[in-house]
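>>> Predicted coordinates and the sequence they were generated for:
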Amino acid sequence: MIMVDFVHHPLPAFLVDHDLNIKEQSELATELFSKPASFLDCVDSESKQKAIDLLKNKDEIELVLNTVDSPYMLFKVFARWTDNGEGQILCVRQDSQIMELSSMLQMQRDRLAETNFDLLDKKEELENAMNKIKKLSSPFLPISSNLCVIPLFGSLDEELFLINEQQLLSTLQTGSYEHVILDFNGIGEIEETGVFAFQSFYQMIQLVGVNPILSGLKPRHVFRLMENDFNVDQTFHITGSLKDAISKYILSSNERHR
């Protein structure tokens with residue numbers, strides 16, 4: 001028999017038999033757990049078998065116990081057994097440890113949130129920079145009162161026209177231009193969505209009463225356009241270099257106005 005004053009023990013303490021039935025308990029144990037018949041009555045249902053196996057084989061384990069105030073509270077449980085099968089069980093609340101872990105978790109969440117905001121800021125900065133680049137990728141160059149050039153740069157993709165289409169069409173519509181040269185000399189890759197967007201832009205130019213001309217087309221450009229059902233044939237005005245196109249259409253315009 002373990003000779004301990006359980007009533008005034010400074011920790012929640014139990015004196016149990018071999019089957020974990022409670023024979024005596026401290027005042028603090030009563031305040032926390034009321035007066036259960038068995039120590040297993042204090043153990044969370046999913047931890048009962050763990051408690052049975054470990055209490056008799058280890059001196060120290062962690063268990064989730066049901067208290068008067070909370071059904072789930074973490075305790076570090078210490079067990080000591082005598083030769084006659086009686087045991088002394090001490091329970092130490094781990095609230096401070098949980099609070100520390102919770103605080104660490106919250107700090108990690110805050111850091112992640114800050115990182116996410118930083119990433120969003122960087123993403124917005126990158127998108128703004130890309131939009132500016134796209135706007136510079138199709139500048140409008142007036143050559144004469146009725147001829148202008150839109151040199152295209154970079155990748156021919158849908159975004160290139162989404163960003164620039166309205167401004168370019170408005171400029172063409174409000175001017176007195178008869179011809180606009182769309183120069184492909186600075187185009188690298190041509191994306192499938194870019195072909196569809198370009199064809200729509202090409203048709204919109206015609207609708208505002210301006211004649212679109214293609215220049216600077218390389219064989220790979222032609223093949224890529226044709227692969228996506230853009231019919232590059234005699235129905236389109238196509239010239240070789242931008243210089244040739246400007247010379248040709250300025251000359252034809254001068255001849256018409258003589």
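Looks like it arrived, so ask away.
>>> least trustworthy helix or strand in this protein by mean pLDDT?
Averaged element by element with mean pLDDT, DSSP states H and E, the chain has its least confident helix or strand at helix 95-136 (a mean of 59).
>>> for the helix or strand just after that one, what is the average pLDDT?
Where DSSP states H and E defines the elements, the next helix or strand beyond helix 95-136 is strand 141-142. Confidence for strand 141-142, expressed as mean pLDDT, is 84.
>>> Packing partners of strand 141-142?
Packing contacts for strand 141-142, counted by 3 or more C-beta pairs under 8 Å, 6 or more residues apart in numbering; DSSP states H and E, involve strand 147-156. (Glycine included, C-beta is placed from N, CA and C.)
>>> Beyond the strand it packs on, next helix or strand please.
For strand 147-156, the following helix or strand on the C-terminal side (DSSP H and E) is helix 158-174.
>>> other SSEs contacting that following helix?
So helix 158-174, by 3+ C-beta pairs under 8 Å, 6+ apart, packs with helix 95-136, strand 147-156, helix 192-207.
>>> list the buried ones in that helix?
Within helix 158-174, the residues that qualify as buried are 158-161, 163-165, 168-169, 171-172, counting by 16 or more other C-beta atoms under 10 Å.
>>> Can you lay out those residues as TSV showing distance to residue 242 and pLDDT?
As requested, the buried residues of helix 158-174 are exported to TSV (distance: C-beta to C-beta, whole Å; pLDDT from 0 to 100):
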residue	distance to residue 242	pLDDT
158	24	85
159	24	81
160	18	78
161	20	80
163	22	76
164	18	78
165	21	82
168	17	84
169	21	87
171	19	85
172	18	87
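>>> Out of those residues, the closest to residue 24 would be?
For the buried residues of helix 158-174, the residue nearest residue 24 by C-beta to C-beta is residue 159; the value is 77.9 Å.
>>> Now do the closest one against residue 193, distance only.
9 Å (C-beta to C-beta, to the nearest Å).
>>> and the spatially closest residue to residue 202 that is not a sequence neighbour, helix, strand or coil?
Once flanking residues are discounted, residue 202 sits nearest to residue 212: 5.5 Å by C-beta to C-beta, 6 or more residues apart in numbering. Assigned with DSSP: H, G, I helix; E, B strand; the rest coil, residue 212 falls in the strand class.
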